[in-house]
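S.K.: Build me a model:
(chains A and B)
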Amino acid sequence: EPEVTQTPSHQVTQMGQEVILRCVPISNHLYFYWYRQILGQKVEFLVSFYNNEISEKSEIFDDQFSVERPDGSNFTLKIRSTKLEDSAMYFCASSEWRNSPLHFGNGTRLTVT
Amino acid sequence: AQSVTQLDSQVPVFEEAPVELRCNYSSSVSVYLFWYVQYPNQGLQLLLKYLSGSTLVKGINGFEAEFNKSQTSFHLRKPSVHISDTAEYFCAVTLSSNDYKLSFGAGTTVTVRA
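M.R.: As a prediction, the model looks like this:
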């Protein structure tokens, strides 16, 4: 069964550094998402992306965050200048259509020191 | 805005015993409801979903859930658990008119013992 893949599985970075989290969604899917889960807290929606543009974003997704689909297969989340509070598990997801279920990747654990 | 409450953070259960995980939601409009499972060191896997139709929904691995609109609940059940069901379970909701911006509950950790 096709799956969403995320790399790396764990990333450690220093405060103020830029990080790029990478995702390869399922190939025939059209909608892409990033969610995050801070340790001990709920999984939170960050952003949804369709047709090469952001369709919705949460209040968490401020100017420090950006998403991009640089080619036909990758979907990236960039954090421009990381803060300690950005430490979390980041999940990428994709769906085939607007109202079809999300398929999640295994996540990238980001640790900001 | 919609929200989800999972009433139990930890549920220990013996192998072959039944388990029920409770989920309540709040929303002023119709919703879609989901249960996801996260096994250790893995991503979120869809167990089952309610979009419309029959209120009793069957999912993978022998799980089922019942949508109760009057009680705004979507409890997950399995009649007989296995050791391999040890995982964290998340209830999630989205507005049926939305493009799947999921709101998740805090999760319930199920630990199955022999």
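S.K.: All the strands of chain A, residue numbers only.
M.R.: Taking DSSP state E as the criterion, chain A carries its strands at A:5-7, A:10-13, A:19-24, A:31-37, A:43-50, A:53-57, A:65-68, A:75-79, A:88-95, A:103-104, A:108-112.
S.K.: is it possible to export those strands to TSV including distance to B:E88?
M.R.: Where C-beta positions appear, they are placed from N, C-alpha and C, glycine not excepted. Output for the strands of chain A, formatted as TSV (distance: least, C-beta to C-beta, whole Å):
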stretch	distance to B:E88
strand A:5-7	18
strand A:10-13	19
strand A:19-24	21
strand A:31-37	10
strand A:43-50	10
strand A:53-57	26
strand A:65-68	26
strand A:75-79	23
strand A:88-95	12
strand A:103-104	13
strand A:108-112	15
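S.K.: Tabulate those (CSV), appending mean neighbour count, mean pLDDT and distance to B:S27.
M.R.: Below are the strands of chain A laid out as CSV (neighbours: other C-beta atoms under 10 Å in any protein chain shown; pLDDT from 0 to 100; distance: least, C-beta to C-beta, whole Å):
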stretch, mean neighbour count, mean pLDDT, distance to B:S27
strand A:5-7, 17, 95, 30
strand A:10-13, 14, 97, 35
strand A:19-24, 19, 97, 29
strand A:31-37, 24, 95, 19
strand A:43-50, 21, 94, 15
strand A:53-57, 14, 92, 17
strand A:65-68, 16, 96, 27
strand A:75-79, 19, 97, 28
strand A:88-95, 24, 95, 20
strand A:103-104, 23, 92, 22
strand A:108-112, 18, 97, 30
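S.K.: can you list these in JSON lines and add distance to chain B?
M.R.: Formatted as JSON lines, the strands of chain A follow (distance: least, C-beta to the nearest C-beta, whole Å):
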{"stretch": "strand A:5-7", "distance to chain B": "8"}
{"stretch": "strand A:10-13", "distance to chain B": "11"}
{"stretch": "strand A:19-24", "distance to chain B": "11"}
{"stretch": "strand A:31-37", "distance to chain B": "7"}
{"stretch": "strand A:43-50", "distance to chain B": "4"}
{"stretch": "strand A:53-57", "distance to chain B": "6"}
{"stretch": "strand A:65-68", "distance to chain B": "15"}
{"stretch": "strand A:75-79", "distance to chain B": "15"}
{"stretch": "strand A:88-95", "distance to chain B": "6"}
{"stretch": "strand A:103-104", "distance to chain B": "4"}
{"stretch": "strand A:108-112", "distance to chain B": "10"}
